[in-house]
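S.K.: sequence below, structure please.
(3 chains)
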Amino acid sequence: MAGSSQRESWGEWVDRHSGTFFIAPAVTLILIFAIFPTIYSMFFAMSRVRFTGDGLKFRFVGFRNFSKQFFGTDQVHFLGRTEPVSILAMIIFAVIVVSVLVWLYRSRKIATWVGMLGRTVSASMAIFLTWVLCASLLSGNSIGTLYTTLFYVLVGCGIQFVIGTGLAFICSQPIHGKNFFRVIFFIPLMVTPLGVGYAMKMIADITKGPFEPLLRLFGIENWVWSADAWSARLVMVVGDSWQWIPFIFICMLAALENVPQDHVEAAQVDGASSMQIFREITWPQVVPVAVTVLLIRAVEAFKIVDLPNIMTGGGPGTATESMTLHSLFVWRANDMGTSAAIGYLLLILTVIVCASFFNYVVLGRLRRTKA
Amino acid sequence: MQIRRSLLGLIVGASALAGLSPAAFAGEFDGVTVNILTRPGYVIAGRLMERGVEFEAATGGRIVVTEVPFAEIFPKIQNDWSTGTNSIDVGVFAAGWGVELDAAGLLEDLDPYIAKDDKIDLDDIAPYFREFGQKVGGKTKLLMVDGDFQMVYYRKDVLDNAGLEPPKTWEDYLDIASKIHGQDMNDDGVADFGSCIFKKRNAQSYFAIQTFAAPIVQTHGTAQGFHFDNSTMKPLINNDGWKKAFELYKETGKYGPPEELNMDIGDTRAIFKAGRCGLLVEWGDPGPLQLDDDATAIKGLLYAVSALGSMEVLDRATGKLVPVTSENAPHSVDGINYAPFAAFGGWAGAINKNATQKKKDAAYAFLSYMSQAAQSSVDVTIGATGYNPYRLSQLASPDLFVEAGMPLELAVNYIGAINEALNSLNMASDMKIPGASNYTGVVLDTELARYLAGEITVEEALENIEAGWEEITEDFGRDEQIEYQRLALGSGN
Amino acid sequence: MSDASFKFEKSGRSLMERLFEPPAIGKMSLVAKIVAYSLLAIWSVFVLFPIYWVIITSFKDAAAVNQGPFYIPFFDFQPNLDAWRAQFNIDRFCDLTSILRQVYLLVHNSFVFVVSPVISLNPMELQICKIYLAFTNSVVISVVSTTLCVAVGSMAAYALARVQYKPKFGNILVFVALLVLVIVATTYAGVPWWASSTVALAMFFFLVRSVGRYFKMRLGNNDILFWIISQRILPPIVVVIPVYVMFQAVGLLDTHLALIILYAVANLPIVVWLMHDFFANVPIELEESAQLDGATRFGIFWGIVLPLTRPGLAATTLLILVLNWNEYLFAVFIATVKVQTMPIMVAAKNAGEKGVFWWEMSAIIVVMIIPVIIMSILLTKFISKGVLQGAMKG
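M.R.: This is a model prediction of the structure:
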């Protein structure tokens, strides 16, 4: 019971349980501020919530906030206009449904029951999204916030990936000033999205922006990009790409620089053209990194809110509203129930799409590369 | 160790001294800070800040103005006060929004303060604003700093040149707009626009549409309203009256700037000051705004019409439009029914009931200071402040505005238009029930924006608004809303 | 060029080969070089032009903005400081002496806060120069939350790299189920939250001892890692409303602490993900030998591992710092008056109905992005040597 030995045993006890102590703060914080609110949010989503003089009052309404988005008054806002459906759209829909079902059937043999459950979920989401796409866009109708978000994710990430990888490829060649370009290209990633939005708004202005002489040259000085749904969305993608291509650039550059040069040089000595070298040697090495980067970028892209908020306030009508922005506007209207419901729908969409991509593409690629 | 200790001692000593720092003067509200939340300035907020400096010099009470985007004012104040956070002491917002806050018991009753205040001269405030704007449930809960309703302005020179009379109905408006659209109205060689209205979503568009709809739907005086069937609170929106208003509103876009759908009030003010608009739907500000230095193109040329009317009105039983007669529209003049719309009701300040008493005293003193004729009459003549006349002394004669630089003829026209609206028995009130900002600012605004952008048809828009309004009414309780509507419109008290 | 054909024959390469094929291993052909440099140049212009435009717009006055685009200062238009003066003049609390006094007040108030358990002093109300307040708030919140985030995150990452965890899946299910019960009880049945939480906690320990024994399935380190990293998928909008209510219940709305905690949690996954790879790459022999010498785990972590991963740590810190600086969504919900950060100020001014006051907005944006650009230039030094590439291998 001497003082020093007591202190030692206390210290030893802490050290023995250091595993717990090291990880406890992170786990606790995540439990309290991420997991708990997510579950709590479900209760918001299933109620009508009101602020009264003494706190919040919940009125349970079941799934009404959700069904409003799919079948009720908010359907056109959320899903888009889904009728009339054109013949072409129905054919495309049928084709895709059949291929998804065939894929599902074939996986019977190679997946566990948990895996089958997951695949069924992915397949259902795929069929639902395809139906919305066919009924709305492919039939010549307008799309809602669901597909606007998907547009930002799919088209945006696609463009960003292609351009980012291209730039990385160029920078990985033996050129001068590599570090200079690296520094310059990295800057947009760090600028606040609000600032990016405002800068883009200023630049894209028709009468006072820097492109005005150019527009006048082409005779389109009366065209207003913010008045047309698709041009507004495209401008969003441009702004988003300006900000996020650096991310892809940095990651892909790191990956490309990791490709062992001796293989490349050996191939060059053998007389292979640059195209062949890229396709056979470089690309397979960077594919794992590429799909990971794409996944990370997609996860972030689902959350886009600052840019549409600043540049168009949701666009002509609701054309550039992403789901997060939709939820934000609804919150401003003090309708916390619907706001939480839309947030949840976004969460479900993001999780299923990203998990599917991760499981079938990323892991698939990794398995194939290791084989 | 030695250094650390002496440093510590230094800091403690300095803090103690700082805590004792003497005030420069011993004012009544020394050491009291009043936090005001309002929209981004210079409009409204700028003047509050400037007058706040004067107030501090006189009394020692510090005024801090925080600005948030217009659409966030109400949610932020409501959240702050109902959750007990109490960061905000005074909210300056639409007079009509106070009802919902008062229903939750969050507003300080101002009658006791007024009783002790001998400078505010309450009788000078126009009866409409004093009774409808400031009072909730018979007690004064807000102090007006500005009086609002929408009017139509026209470029006198442009209309005279085209040989056109000022419009009386919305059909006239469209007619004139079509005839003057494309003319060069400010001698810069570029074609200008027939009509400029702020149609941007989440901005002020939802006020303008009500200015179009009011004369079609409201016929029997202010107490009738034009949003709901007052006995059942069923929305009165899905009918031919509002449909016509929507269609007229969209048609004005044909004669407007190409980016009109993305223009809020700041943008339209910029272009009409540059002289590019022939017709406007606006509040009282363009009157004095045309005297600004950057409005030389239009100085003295922008005349006002108190309201445009309609030759057809809504038959509420059938939901169809019928021509105006003296039975179905007793306030009509020459077969045209007018209903000036008191859009927004006017900016007013309300005090947080749960603030400390010292803060409430200082807050009331400041609001009173803003409202007193000595300050108010100066502010309403400066267009940039966003404050429009609401006191009888400001509206009795055109002298105030002539002194500010208006030509006499214009001042007479301007004051006349405002007085005509204020004296109208069929003046249309903005919504003054709980959820008001929700009904109009969110549901109506969103569906209107989507209709203007061509996303949905007018029938769908009206259906969606009806469903959205019903949902809000259910949230607050239909019976409670019926009662609030009766209070808001009935006797006003 | 007149001897061109002669030269070609001499070197044995045709014109096409000269243009399109690399002259030697590890070099580029002429055409390839031209294409590469021009593409890079175009992209550099695309990247830098908006920033340039914002900076010069902040130096324009009303006429220069409204009368059409002017491109070059001193040439096209005269730069002036209208916008900058407007930012610092709107309230009169923005001149130098006032700002110095406010710095002093900040120090004083922090001191009061620190000694508050022991001595009770009065905090002094800050005078408000808005852009200064927003800037200070942003700096304080970013720095503190980054420190918190990196500290907590690297500890967790290190543990996940070195310690084997085997939590029981059954226990986790029990925990989630009880959590749901607590929420139902508190919101719908009106039970006060401390009562239901205590009951649930007791039930948890009981159930874990008894029922938990029947569920043997255990999770591993990789599952925990995946769980932490996948938190990034959670859209903040889902979390924000309940968090708002939670903070309101404990009176932490509109305070710095609330935002600091939220930002730390939001970025924790990134820190864990990045640092995990760095720690995994530290040779384990170093740690084992230190352990033999009797060092505690924390001692090894602090004294050996962290110094070795300093570049990665610095890169992560800078990245998180910038992410916190730019964050908008949480701030808009939690902050009302006292904790307005710079993004909120930008958004509020953007919504102002002043019309086209672009020069003032540009000035604010420049204030926002200059620190960030400096930080990003510092950051690329760490990126250049592939410091972050290790994380990609995950």
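S.K.: so what's residue 156 closest to, chain neighbours aside?
M.R.: In the absence of a named chain, chain A is used. residue A:237 (4.8 Å; C-beta to C-beta, 6 or more residues apart in numbering or on different chains). Placement of C-beta: from N, CA and C, glycine included.
S.K.: not quite, I wanted chain B
M.R.: Residue B:156 sits nearest to residue B:303 (C-beta to C-beta, 6+ apart), 4.8 Å away.
S.K.: surely the one you found is within a strand?
M.R.: Yes - residue state for residue B:303 (DSSP: H, G, I helix; E, B strand; the rest coil) corresponds to a strand.
S.K.: who's it bridged to?
M.R.: residue B:154 (DSSP bridges).
S.K.: count of residues packed around residue C:222?
M.R.: Residue C:222 has 10 neighbouring residues, counting by other C-beta atoms under 10 Å in any protein chain shown.
S.K.: what sits against residue B:260?
M.R.: B:196, B:197, B:199, B:253 (C-beta atoms under 8 Å, 6 or more residues apart in numbering or on different chains).
S.K.: tell me if I'm right that residue B:486 and residue B:230 touch.
M.R.: Yes - shown here, residue B:486 and residue B:230 form a contact pair, counting by C-beta atoms under 8 Å, at 6.8 Å.
S.K.: how about the residues of the stretch 101-250 of chain A by chain C?
M.R.: Contacts of the stretch 101-250 of chain A with chain C, taken as C-beta under 8 Å from any C-beta of the partner chain, map to A:166-167, A:170-171, A:173-175, A:179, A:181-196, A:198-200, A:202-203, A:207-213, A:242, A:246, A:250.
S.K.: in helices, which of these appear?
M.R.: Counting by DSSP state H, those place A:166-167, A:170-171, A:179, A:181-190, A:193-196, A:198-200, A:202-203, A:212-213, A:242, A:246, A:250 in helices.
S.K.: in ChimeraX, how would I select the buried members of the residues you listed?
M.R.: A single ChimeraX command selects the buried members of these (16 or more other C-beta atoms under 10 Å in any protein chain shown):
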select /A:166,167,170,171,181,182,183,184,185,186,187,188,189,190,193,194,195,196,198,199,200,202,203,242,246,250
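S.K.: neighbours around residue A:108, how many?
M.R.: Around residue A:108 there are 10 residues (other C-beta under 10 Å).
S.K.: residue C:173 versus the residue lying closest to it once chain neighbours are set aside, what's the distance?
M.R.: Spatial nearest neighbour of residue A:108, excluding adjacent residues (C-beta to C-beta, 6+ apart): residue A:116 at 6.9 Å. Distance, residue A:116 to residue C:173, by C-beta to C-beta, to the nearest Å: 21 Å.
S.K.: equivalent analysis for residue B:459, please.
M.R.: Taken as C-beta to C-beta, the span from residue B:459 to residue C:173 is 51 Å.
S.K.: then residue C:345?
M.R.: Residue C:345 is 45 Å from residue C:173, by C-beta to C-beta.
S.K.: the two: which has the busier surroundings?
M.R.: residue C:345 (24 against 14).
S.K.: not counting sequence-adjacent ones, nearest residue to that one?
M.R.: For residue C:345, ignoring the flanking residues on the chain, the nearest one in space by C-beta to C-beta, 6+ apart is residue C:134 at 4.3 Å.
S.K.: could you list the low-pLDDT ranges of chain A?
M.R.: For chain A, the stretches with pLDDT under 70 are A:1-8, A:53-55, A:221-222, A:366, A:369-371.
S.K.: what residues does it have near chain B?
M.R.: So chain A meets chain B at A:48, A:50-53, A:59, A:72-73, A:76-77, A:142, A:206, A:222-224, A:226-227, A:229, A:312-319, A:329, A:331-335 (C-beta under 8 Å from any C-beta).
S.K.: just the residues you listed: which are in helices?
M.R.: Those of these lying in helices (DSSP H): A:76, A:77, A:229, A:329, A:331, A:332.
S.K.: what about the helices in the stretch 151-300 of chain B?
M.R.: B:156-162, B:170-180, B:205-217, B:240-252, B:265-273, B:286-289 (DSSP state H, counting those that start in this stretch).
S.K.: mind putting those into a markdown table with mean neighbour count and mean pLDDT?
M.R.: Compiled in a markdown table, the helices of the stretch 151-300 of chain B are given as follows (neighbours: other C-beta atoms under 10 Å in any protein chain shown; pLDDT from 0 to 100):
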| stretch | mean neighbour count | mean pLDDT |
| --- | --- | --- |
| helix B:156-162 | 16 | 91 |
| helix B:170-180 | 20 | 93 |
| helix B:205-217 | 26 | 93 |
| helix B:240-252 | 21 | 95 |
| helix B:265-273 | 23 | 85 |
| helix B:286-289 | 25 | 88 |
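S.K.: for those, which one sits closest to residue B:321?
M.R.: helix B:240-252 (4.9 Å; C-beta to C-beta).
S.K.: just to revisit the earlier point, which elements pack onto the helix or strand the residue nearest to residue C:345 falls within?
M.R.: Assessed by DSSP states H and E, residue C:134 sits inside helix C:130-162. Counting contacts by 3 or more C-beta pairs under 8 Å, 6 or more residues apart in numbering or on different chains; DSSP states H and E, helix C:130-162 packs against helix A:18-30, helix C:96-115, helix C:221-230, helix C:256-280, helix C:310-325, helix C:342-350, helix C:358-384.
S.K.: after it, which helix or strand is next?
M.R.: helix C:169-188.
S.K.: helices or strands next to that following helix in the packing?
M.R.: helix A:36-45, strand A:55-60, helix C:193-210.
S.K.: okay, the angle between it and helix A:36-45?
M.R.: Here the directions of helix C:169-188 and helix A:36-45 differ by 40 degrees (axes from the mean of the first three to the mean of the last three C-alpha atoms, to 10 degrees).
S.K.: contacting residues for residue 101?
M.R.: Unless you meant another one, I'm taking chain A. Residue A:101 touches residue A:123, counting by C-beta under 8 Å, 6+ apart.
S.K.: meant chain B actually
M.R.: B:77, B:78, B:81, B:91, B:107, B:350.
S.K.: of the residues you listed, just say which sits nearest to chain C.
M.R.: Closest approach to chain C among those (C-beta to the nearest C-beta): residue B:77, at 8.7 Å.
S.K.: now the closest one, nearest residue through space, not along the chain?
M.R.: residue B:91 (4.2 Å).
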